[in-house]
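Trainee: Here you go, sequence then predicted model.
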Amino acid sequence: MSKRVLIVVATALLVAVAGAYALRAPAGLPEDLPTQDEMANAIGADIMTNLYRGHVPERSGELMLVPRPHNFLIGEWDLTTLGTDTPTMSTSHPNPWNYLARVPIIVHGKPWAKAGAVLDDEVDISNLAPAYAEILGGVEGLEDTSEPLPGIERAQGPCLRQPGRGDPCAKLPKVIFTVVIDGGGWNALQQHADAWPFIDALRDSSTTYTNAHIGSAPSITGALHATFGTGLYPIDHGIPGNQMRGPDGENTDSWLQNADPRYLDAPTVSELWDEQNKNKAVVATVSYEGWHLGMIGHGAQREGGDKDIAVLWEAQDLEADEAVSEWWINEDYYELPEYLEETDISTLEAYEEQLDPRDGLVDDTWYGHTVEQFQDPENGLLRPGSPAFVRFTGDAVIDVMRNEKVGRDDITDMFWVEMKMPDYAGHAWNVINAEQEDVIRETDRQIARMKKELDRTVGKDNYVFAVTADHGQEPLPDVSGGWRINSKELQRDIEDQFGNVVEKVTPVDVYFDRDALAEADVDLADVAGYVGAYTIGDNIPEGKPGQDRVPEARLDELLFAGAFSTDYLSALTADKIEAFDAGAYPESDLYLPFEEDTVEP
């Protein structure tokens with residue numbers, strides 16, 4: 001056979017193979033990409049249940065990302081820090097795995113909670129709101145998707161009929177006071193086991209739930225605080241996270257960066273109770289950003305509601321693009337008390353100047369961080385991550401308790417405190433480091449201070465006091481064996497494969513240009529499979545300094561346990577989820593047996 005004939009035959013074979021390959025794998029995708037069912041089966045039924053609960057059709061990104069345990073998405077990061085004493089500190093924590101999902105739920109208050117009870121029932125944070133409704137003898141209009149916490153019950157009292165008070169035979173607490181430690185999941189507390197003596201001691205007089213978790217995924221602040229308030233999961237209350245797709249199709253902040261509650265689709269137990277009592281109850285929160293308003297509700301935006309008290313911290317004026325440090329609120333819907341309208345920055349600065357000796361060394365720094373770093377107006381995003389800010393937040397809580405006379409009348413008040421500082425310290429310095437331990441220690445002291453104030457002003461056995469958290473924290477991948485996923489490179493690689501179809505990649509999901517997807521005839525199932533086969537080697541930008549620091553043995557490691565389109569998640573049924581395996585990852589196990597020391601309520 002002549003050389004020319006061989007060339008013709010070889011060319012024909014190549015064309016035939018290429019044509020067949022194109023039919024099997026659009027856009028040159030490999031044949032063996034995982035399907036969404038295969039990825040879901042490996043992730044396991046419990047985690048897939050939480051992912052289903054956590055997605056919100058038309059609001060979540062079109063593709064939910066599930067990094068493997070201890071992998072997480074951040075932006076561009078410096079590969080030259082690998083293997084050095086100065087690793088990249090930034091982390092994110094939306095993963096669904098147990099180390100981020102397990103949280104404390106501790107409920108104190110006789111006769112509503114049994115002292116010293118340690119229950120291993122499988123519960124989650126959605127059970128808290130219906131438990132409060134149970135204590136109150138019923139709250140009109142609260143959706144009953146979730147059950148009350150077991151062991152929490154209404155207490156019988158004198159049968160005095162009082163309109164609007166629920167069960168007339170129930171003894172009601174003067175106030176239900178809830179502290180949510182942001183980033184205070186069990187993995188953060190156990191990392192610094194000696195830093196929370198008050199919370200530990202509180203368990204002796206409380207009911208503690210050892211098998212509690214957050215109930216949905218991703219583990220993201222905005223979604224979970226709305227679950228606390230409503231007793232519903234994101235799929236029902238409408239807040240998928242800190243970001244969402246708005247009705248106009250644009251990606252937006254879930255609270256419009258203006259403490260605007262319009263996208264919260266369900267009422268909270270607090271606002272319903274308030275309305276049931278003709279808005280005479282005190283409903284209040286001291287928190288960090290608008291993302292936490294899901295604990296108390298819509299304020300005056302809701303028909304029949306009023307301007308509940310909301311004290312939020314503003315570190316940056318986004319409209320003016322300048323740093324600020326002040327208490328604020330959207331006064332169209334909520335009330336910022338006049339005694340906090342002028343922020344007492346001098347007191348905060350005094351607390352910051354007292355940080356130095358807390359690390360055991362008097363050297364004009366707190367663990368190497370100077371006072372000037374916290375007080376620099378251009379560095380306002382660092383300030384909330386110190387014990388000084390914990391103490392300052394405690395001051396604001398006590399101010400509201402005293403000035404609003406919380407718990408001083410016959411109508412139960414509802415007070416929600418979000419302690420942002422452990423989460424902030426974890427993002428700034430990581431959960432494993434000494435800064436975090438000191439922040440948790442001061443958080444514990446301030447929680448003790450709040451309960452002491454209730455004992456003094458309301459009286460023991462007259463209130464419910466609950467301590468919980470919204471999620472755990474991600475330790476540095478350098479010590480956990482994980483990997484930082486470059487979200488910018490992931491976006492570039494998806495677009496190299498499928499075209500210019502991506503709007504935005506967040507630590508949680510991918511938002512796509514829907515028109516571009518349709519025009520390019522891209523199937524999101526293919527994109528999900530592509531992400532499921534994506535490796536560390538794929539995620540290293542070409543020519544990036546520090547590539548030589550990446551161990552060659554890690555280049556083929558998969559970065560994601562799965563990726564799921566909204567259509568796929570929406571089509572899941574209880575039967576289909578139940579048919580999935582237990583999960584190929586040990587971190588899929590959301591529950592632990594705590595049979596020893598367990599007592600019946």
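Mentor: Okay, I see it.

Trainee: And the strands in the stretch 351-500 of the chain, which stretches?
Mentor: 413-419, 463-469, 483-486 (DSSP state E, counting those that start in this stretch).

Trainee: pLDDT on the last one, on average?
Mentor: By that I understand strand 483-486. Averaged across strand 483-486, pLDDT comes to 98.

Trainee: Quick one: list the elements packing against it.
Mentor: Where contact means 3 or more C-beta pairs under 8 Å, 6 or more residues apart in numbering; DSSP states H and E, strand 483-486 is packed against strand 71-74. Where C-beta positions appear, they are placed from N, C-alpha and C, glycine not excepted.

Trainee: Could you list the low-pLDDT ranges of the stretch 501-601 of the chain?
Mentor: 593-601 (pLDDT under 70).

Trainee: Which residue ranges of it form strands?
Mentor: 502-505, 509-512, 560-565.

Trainee: nearest to residue 99, of those?
Mentor: With C-beta to C-beta as the measure, strand 560-565 is the member of the strands of the stretch 501-601 of the chain nearest residue 99 (14.0 Å).

Trainee: Sheet-wise, list the partners of the closest one with their directions.
Mentor: strand 63-67 (antiparallel) (DSSP bridges).

Trainee: how far does the strand it pairs with sit from the chain's center?
Mentor: 15 Å (C-alpha atoms, centre = their mean, to the nearest Å).

Trainee: Tally up the residues packed near residue 554, please.
Mentor: 12 (other C-beta atoms under 10 Å).

Trainee: Apart from its chain neighbours, what residue comes closest to it?
Mentor: Leaving out its chain neighbours, the residue that sits closest to residue 554 by C-beta to C-beta, 6 or more residues apart in numbering is residue 536, at 5.3 Å.

Trainee: Also residue 495?
Mentor: Nearest one to residue 495, counting by C-beta to C-beta, 6+ apart, is residue 502 at 5.6 Å.

Trainee: Also residue 282?
Mentor: That would be residue 413: by C-beta to C-beta, 6+ apart, it lies 3.9 Å from residue 282.

Trainee: shouldn't the residue nearest to residue 495 be in contact with residue 510?
Mentor: Yes - assessed by C-beta atoms under 8 Å, residue 502 is found in contact with residue 510 at 6.2 Å.

Trainee: Between the two, which contacts overlap?
Mentor: 491, 494 (C-beta atoms under 8 Å, 6 or more residues apart in numbering).

Trainee: Neighbour count: the two, which is higher?
Mentor: residue 510 (25 against 22).

Trainee: Most tightly packed of the strands of the stretch 351-500 of the chain?
Mentor: strand 413-419 (a mean of 28; mean count of other C-beta atoms under 10 Å).

Trainee: Can I get it in PDB, CA atoms only?
Mentor: What follows is strand 413-419, C-alpha atoms only, in PDB (Å, rounded to 0.1, in the frame of the first residue of the first chain):
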ATOM      1  CA  ASP A 413     -40.300  39.100  74.800                       C
ATOM      2  CA  MET A 414     -38.100  37.600  72.100                       C
ATOM      3  CA  PHE A 415     -34.400  38.600  72.000                       C
ATOM      4  CA  TRP A 416     -31.900  37.200  69.500                       C
ATOM      5  CA  VAL A 417     -28.100  37.900  69.700                       C
ATOM      6  CA  GLU A 418     -25.700  37.000  67.000                       C
ATOM      7  CA  MET A 419     -22.100  36.900  68.100                       C
END
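
Trainee: For it, which strands pair with it and how are they oriented?
Mentor: strand 175-181 (parallel), strand 283-287 (parallel).

Trainee: Any stretches of the chain with poor pLDDT?
Mentor: In the chain (pLDDT under 70), the answer is 1-27, 157-168, 318-321, 379-381, 593-601.

Trainee: So if we follow the domain assignment, how does it break up?
Mentor: As given by automatic domain parsing, the domain ranges for the chain are 36-96+485-588, 102-306+343-474.

Trainee: Distance to residue 329 for these - can I get that in TSV?
Mentor: As requested, these are exported to TSV (distance: least, C-beta to C-beta, whole Å):
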stretch	distance to residue 329
domain 36-96+485-588	24
domain 102-306+343-474	6
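
Trainee: right, so of those, which gets closest to residue 336?
Mentor: domain 102-306+343-474 (10.1 Å).

Trainee: end to end, how far does that closest one reach?
Mentor: The first residue of domain 102-306+343-474 is 13 Å away from its last residue (C-alpha to C-alpha, to the nearest Å).

Trainee: same thing with stretch 461-480?
Mentor: End residues of stretch 461-480 are separated by 43 Å (C-alpha to C-alpha).

Trainee: so where do the helices sit in the stretch 251-400 of the chain?
Mentor: Using DSSP state H, counting those that start in this stretch, the helices of the stretch 251-400 of the chain run over 269-276, 345-353, 371-375, 387-403.

Trainee: that older thread, the residue nearest to residue 554 contacts residue 555, doesn't it?
Mentor: Yes - counting by C-beta under 8 Å, residue 536 touches residue 555, with 5.6 Å between them.

Trainee: between the two, who's got more neighbours?
Mentor: Taking neighbours as other C-beta under 10 Å, residue 536 and residue 555 compare with residue 536 leading, 18 against 14.

Trainee: Check this structure for its longest strand and report it.
Mentor: strand 308-317 (DSSP state E).

Trainee: what comes up buried for that one?
Mentor: Buried residues in strand 308-317, counted by 16 or more other C-beta atoms under 10 Å: 308-315.

Trainee: try stretch 392-407
Mentor: In stretch 392-407, counting by 16+ other C-beta under 10 Å, buried: 392-401, 404, 406-407.

Trainee: I'd like to know which of the strands paired with strand 413-419 is closest to residue 41.
Mentor: strand 175-181 (33.6 Å).

Trainee: on that earlier part again, now distance to residue 133 too, for the helices of the stretch 251-400 of the chain, in JSON lines please.
Mentor: Shown next, in JSON lines, are the helices of the stretch 251-400 of the chain (distance: least, C-beta to C-beta, whole Å):
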{"stretch": "helix 269-276", "distance to residue 133": "6"}
{"stretch": "helix 345-353", "distance to residue 133": "37"}
{"stretch": "helix 371-375", "distance to residue 133": "41"}
{"stretch": "helix 387-403", "distance to residue 133": "23"}
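
Trainee: wait, which of the ones you listed is closest to residue 431?
Mentor: helix 387-403 (15.6 Å).

Trainee: Surely residue 578 is in contact with residue 45?
Mentor: Yes - using C-beta under 8 Å, residue 578 makes contact with residue 45 at a distance of 6.0 Å.

Trainee: Can you name the residues that contact residue 268?
Mentor: 129, 229-230, 294-298.

Trainee: any chance you could map the strands in the stretch 101-250 of the chain?
Mentor: Under DSSP E, counting those that start in this stretch, the stretch 101-250 of the chain gives strands at 105-108, 117-119, 123-124, 155-156, 170-171, 175-181, 206-209, 212-213, 243-245.

Trainee: Just name the most buried of those.
Mentor: strand 212-213 (a mean of 28).

Trainee: Show me what it is packed against.
Mentor: strand 123-124.

Trainee: Run me through the strand neighbours of the strand it packs on, direction for each.
Mentor: Here, using DSSP bridges, strand 123-124 pairs with strand 212-213 (parallel).

Trainee: For the strand it pairs with, give me every contacting residue.
Mentor: 98, 101-105, 123-125, 468, 590-591.

Trainee: Recalculate using a threshold of 7 Å.
Mentor: 101-105, 123-124, 590 (C-beta atoms under 7 Å, 6 or more residues apart in numbering).

Trainee: Stretch 122-136 now?
Mentor: Contacts for stretch 122-136 (C-beta under 7 Å, 6+ apart): 103, 105, 112, 139, 142, 144, 146-149, 152-154, 166, 172-173, 176, 209, 211-215, 224, 227-233, 269, 273, 412, 464, 466, 468, 591.
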